[in-house]
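Trainee: sharing a model prediction with you, sequence too.
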Amino acid sequence: MVPVHQSGTIIMSLLTENQLNDIVDMIVDDYGSRLTGGEVSEVIGLILENISGFETVDSQTLTLTINEIRKRYDDSVKQHSENAKT
């Protein structure tokens, strides 16, 4: 499990580092790199709905997990964009 930080608080995500990265890869592969923040959040929500155990996750942990995946998506898109320039 990966620690997720918010305002000095550490909350353990229910997903491993590899699982978080796999979700980002699925989003990029299936939807591309031009999604808006709202679209990314919607896609993440759809993916998380299908993961056993997420139906009982409290809203704070769910929000932090979505934000962590969004951050990784944004970082991935930025990195791919920079690599395309070289």
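Mentor: Done, it's in.
Trainee: all contacts plus neighbour counts: C-alpha atoms, from now on.
Mentor: Fine.
Trainee: quick one: residue 20 and residue 69 touch, right?
Mentor: Yes: the criterion here is CA atoms under 8 Å, and residue 20 meets it with residue 69 at 6.3 Å.
Trainee: residues touching residue 24, list them.
Mentor: 69, 72-73, 76 (CA atoms under 8 Å, 6 or more residues apart in numbering).
Trainee: repeat that for residue 70.
Mentor: By CA under 8 Å, 6+ apart, the neighbours of residue 70 are 37, 40-41.
Trainee: my read is it is in a helix, agree?
Mentor: Yes: applying DSSP: H, G, I helix; E, B strand; the rest coil, one finds residue 70 inside a helix.
Trainee: that one and residue 85, how far apart?
Mentor: Distance of residue 70 to residue 85, computed by CA to CA, to the nearest Å: 23 Å.
Trainee: do the same with residue 47
Mentor: 31 Å.
Trainee: look at those two and report which has more neighbours.
Mentor: residue 47 (13 against 6; other CA atoms under 10 Å).
Trainee: okay, the more buried one and residue 24: tell me how far apart.
Mentor: 10 Å.
Trainee: need the pLDDT of the residue nearest in space to the middle of the chain.
Mentor: Centroid-nearest residue in the chain, with CA atoms, centre = their mean: residue 69, separated by 1.4 Å. Residue 69 carries a pLDDT value of 95.
Trainee: so what's it up against?
Mentor: 20-21, 23-24, 44.
Trainee: how about the nearest residue to residue 49, chain neighbours excluded?
Mentor: residue 55 (6.8 Å; CA to CA, 6 or more residues apart in numbering).
Trainee: residue 19 sits in which helix or strand?
Mentor: Of the helices and strands defined by DSSP states H and E, residue 19 is found in helix 17-31.
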